[in-house]
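1. Here is my input; please provide its structure:
(one chain, ligands or ions: 1)
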Amino acid sequence: MKNVLVIGGGGFVGSHTTDALLQQGHAVKIYDNLSEQVHGGEFPAYLSRDAEFITGDVRDLGSLSRAVRGADVIYHLAAAVGVGQSMYRIADYTADNVQGTANLLQAILNTKSAPEKIIVASSMSIYGEGRYVCPKCGDVAPKARSLEQLKKKQWEVRCPVCDAIAAPDPTDEDKPLQCTSIYALSKKAQEEMVLVFGSTYGIPAVALRYFNIYGPRQALSNPYTGVAAIFASRFMNAKSPLIFEDGLQLRDFVNVHDIVQANLLAMQSSGADGMAVNVGSGEPVTVRQVAIEIASLLGLELPLQITGTYRAGDIRHCFADISTISEKLGYVPKVSFHDGMSELVAWLESQEAQDHTEEALNDLAVRGLVA
Ligand code: UD1
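-> I've put the predicted structure just below:
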């Protein structure tokens, strides 16, 4: 049995991780600020009473220093997560994600805590565009699409050498990183800070590069959350989802239970210590398919609204090569897209969601971040 501190344990990934840790008999302490944008000012009803709960912010070094004492394992899952929002709340995102991580590491040092392991939530966003293969030039790692290209609605990524349309390929950890948002930069910083700290002080550390996570407890009313929750809250408010570009962009939708699987494996095994590894389903799915699946599971026949517009900074395709985590930690995704979406939809029926998509888009539009 271990004493586990879950920073961000009040949230989507953190609460599921907490439940699984409790089930295995560990003692869990949650540290979370219950951010208004995610929790709407309410204490989450799903949180287990068997975990100790500390209301605290990662920006508060003093309170964090008290929380880290005695922790054998620390999960750092607290972060501000809106990619678009990070582009206009730059100081807030940097304070929460970068300074927050600095505070955690400082707190460990100041209190002479000696955790056996630190696991930090990283993100696929740090890759920018995923890996591609050009029919003529072979493996290529193209840059983000230009604004000029997007304005012409040429959605596909082109080969940087010969300009042919390149085909997406699974993205592995060696793909050169290309951060295109403040959020992505902050995740890259979190990942590297934890790994450097771990190797300097001899504390095993793992960074998990989560792909697009979905599942019950996703913050439905937070318009800066992932597309599955956004679409779900649109449907629940009898509105069609707004599908950007042509809806054929590919992502890797990984179920939250598989994320929990990876989180626990990273704690139990030393196989990925010192590494940053992908956590995905390994299966590419289009954004259109997400809308179609949710609509069909809800028994709705709302027409899909393909807007032909784009969000600045969106990538076209990225899905995970999961061979590293499979090899190092024995991770095998267990929840299929269909089963996972069915569980999400079953949970939706007990939820109320306010749809703030239009306000959020407006926030981006006034800053020229969507067109
Ligand atoms: C981004 C981050 C990821 C983060 C996730 C949730 C990148 C590359 N990745 O992923 O790390 O975990 O946000 O914060 O920045 N879409 C629509 N209609 C909508 C909303 C989204 O069509 O109403 C489309 C987007 O244009 C995009 C896809 O759905 O093509 C996925 O969007 P989203 O869920 O926001 O996640 P990512 O941008 O992939």
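2. How about the residues of this protein by the ligand?
-> 81, 83, 123-125, 181, 184, 212, 226-227, 230, 241-244, 249, 251, 287, 311, 314-315, 357 (Cβ under 6 Å from any ligand atom). Yep, even glycine has a C-beta here, placed from its N, CA and C like the rest.
3. Cross these against strands and list the overlap.
-> In strands, defined here by DSSP state E, the members of these are 123, 212, 242-243, 251.
4. Lowest-confidence member of these, which is it?
-> Taking these together, the minimum pLDDT is found at residue 242 (91).
5. From residue 15, how far out is it?
-> 28 Å (Cβ to Cβ, to the nearest Å).
6. more crowded one of those two?
-> residue 15 (25 against 17; other Cβ atoms under 10 Å).
7. tell me the secondary structure for that one?
-> The local conformation at residue 15, judged by DSSP: H, G, I helix; E, B strand; the rest coil, is helix.
8. That one against residue 45, yeah?
-> No. Judged on Cβ atoms under 8 Å, residue 15 makes no contact with residue 45 at a distance of 10.5 Å.
9. re earlier: compare the ones in strands among the residues of the chain next to the ligand and tell me which has the most neighbours.
-> So for those (other Cβ under 10 Å), the most neighbours sit at residue 251, 27 neighbours.
10. So what pairs up with it in the strands?
-> Taking DSSP bridges, one obtains residue 285 as the residues bridged to residue 251.
11. contacting residues around it?
-> 211-212, 227, 284-285, 287, 317-319 (Cβ atoms under 8 Å, 6 or more residues apart in numbering).
12. separation between residue 142 and the ligand?
-> 14 Å (Cβ to the nearest ligand atom, to the nearest Å).
13. again, but for residue 220
-> For residue 220 relative to the ligand (Cβ to the nearest ligand atom), the value is 13 Å.
14. Quick one: the helices in the stretch 101-250 of the chain, in order.
-> 147-151, 182-201, 227-236 (DSSP state H, counting those that start in this stretch).
15. Make JSON lines from the ones you listed and add distance to residue 57 to it.
-> Listed next are the helices of the stretch 101-250 of the chain as JSON lines, based on distance: least, Cβ to Cβ, whole Å:
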{"stretch": "helix 147-151", "distance to residue 57": "36"}
{"stretch": "helix 182-201", "distance to residue 57": "16"}
{"stretch": "helix 227-236", "distance to residue 57": "24"}
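16. CA-only coordinates of stretch 177-195, as PDB, when you get a sec.
-> Extracted in PDB, the C-alpha atoms of stretch 177-195 (Å, rounded to 0.1, in the frame of the first residue of the first chain):
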ATOM      1  CA  LEU A 177       8.200  18.300 -31.300                       C
ATOM      2  CA  GLN A 178       6.400  21.300 -32.800                       C
ATOM      3  CA  CYS A 179       4.400  23.200 -30.200                       C
ATOM      4  CA  THR A 180       1.900  25.500 -31.800                       C
ATOM      5  CA  SER A 181       0.100  26.800 -28.700                       C
ATOM      6  CA  ILE A 182       1.000  28.200 -25.300                       C
ATOM      7  CA  TYR A 183      -0.800  25.200 -23.900                       C
ATOM      8  CA  ALA A 184       1.500  22.800 -25.800                       C
ATOM      9  CA  LEU A 185       4.600  24.800 -24.800                       C
ATOM     10  CA  SER A 186       3.400  24.600 -21.200                       C
ATOM     11  CA  LYS A 187       2.900  20.800 -21.400                       C
ATOM     12  CA  LYS A 188       6.400  20.400 -23.000                       C
ATOM     13  CA  ALA A 189       7.800  22.400 -20.100                       C
ATOM     14  CA  GLN A 190       6.000  20.300 -17.500                       C
ATOM     15  CA  GLU A 191       7.200  17.100 -19.100                       C
ATOM     16  CA  GLU A 192      10.800  18.200 -19.300                       C
ATOM     17  CA  MET A 193      10.900  19.800 -15.900                       C
ATOM     18  CA  VAL A 194       9.700  16.600 -14.200                       C
ATOM     19  CA  LEU A 195      12.000  14.400 -16.200                       C
END
